[in-house]
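Enquirer: okay, structure incoming, though there's no sequence with it:
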């Protein structure tokens with residue numbers, strides 16, 4: 001199995017966590033999105049038509065989009081399951097995960113921030129204000145969902161799920177961007193707990209072969 005990944009991509013980070021939790025060995029194929037390798041004609045034609053990372057290669061099967069990849073992994077390699085089978089819990093985990101994947105991440109990813117700078121000519125301070133605004137908007141909802149679940153030490157109980165797989169990279173990015181997260185103690189508690197888990201640690205950007213400061 002191979003994973004086209006960028007070390008600081010939170011979507012790649014999600015898939016690395018899922019692979020580590022399931023104990024699946026894979027080869028990392030770095031794609032430098034800072035220099036536009038994901039937009040190269042051969043990558044788009046032969047790897048990912050969406051011109052994004054990550055992309056999973058499982059023998060002759062190619063798949064992009066982190067949540068689709070994790071759902072695929074759950075079905076092909078069900079131990080340890082990340083998207084629960086029980087209907088109510090499955091719905092809650094997906095509700096939480098999609099809040100991060102659809103409402104927070106898309107407005108703050110690298111291509112959006114670059115567009116703000118290069119096309120709309122915002123200042124660095126304005127870009128930072130944009131980023132922190134959408135983190136606050138989204139993380140408020142994340143925190144309220146965690147308060148409702150009251151499950152601990154993970155987002156939804158005693159085992160990590162897709163919710164944790166999405167939350168940890170999002171918090172890591174927010175901390176890297178120097179966002180004030182003190183208003184989200186439940187989220188930070190889950191993040192601290194996950195940081196001690198070997199699978200979450202191994203998936204960190206710092207430990208990837210293409211890492212650069």
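Expert: Great, that's in hand. Given the structure is predicted, the values throughout are model-derived calculations rather than measurements.
Enquirer: ranges for the strands of this protein?
Expert: Remark: strands assigned in the chain by DSSP state E are 2-5, 27-30, 55-58, 61-64.
Enquirer: need these in CSV (columns: distance to residue 164).
Expert: All C-beta spots, glycine's among them, are computed from the backbone N, C-alpha and C. Output for these, formatted as CSV (distance: least, CB to CB, whole Å):
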stretch, distance to residue 164
strand 2-5, 19
strand 27-30, 22
strand 55-58, 20
strand 61-64, 21
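Enquirer: report the beta-bridge partners for the closest residue in space to residue 49 that isn't next to it in sequence.
Expert: Distance criterion CB to CB, 6 or more residues apart in numbering; nearest residue to residue 49, sequence neighbours excluded, is residue 64 at 7.8 Å. Listed beta-bridge partners, residue 64: residue 55 (assigned using DSSP bridges).
Enquirer: could you chop this structure up by domain?
Expert: If you go by automatic domain parsing, the domain ranges for the chain are 2-80, 87-199.
Enquirer: of all these, which lies closest to residue 211?
Expert: Nearest of those to residue 211, taken as CB to CB: domain 2-80 at 4.7 Å.
Enquirer: what about that closest one, average pLDDT?
Expert: For domain 2-80, the mean pLDDT works out to 97.
Enquirer: ends of that domain, what's the gap?
Expert: Chord length of domain 2-80, first to last residue, is 19 Å (CA to CA, to the nearest Å).
Enquirer: over to stretch 181-201?
Expert: From start residue to end residue, stretch 181-201 stretches across 21 Å - CA to CA.
Enquirer: what average pLDDT does it get?
Expert: 97.
Enquirer: list of residues touching that stretch?
Expert: With CB atoms under 8 Å, 6 or more residues apart in numbering as the contact definition, stretch 181-201 has outside contacts at 17, 20-21, 136, 139-140, 142-143, 146-147, 152-155, 160, 164, 167-168, 171-172, 174-175, 207.
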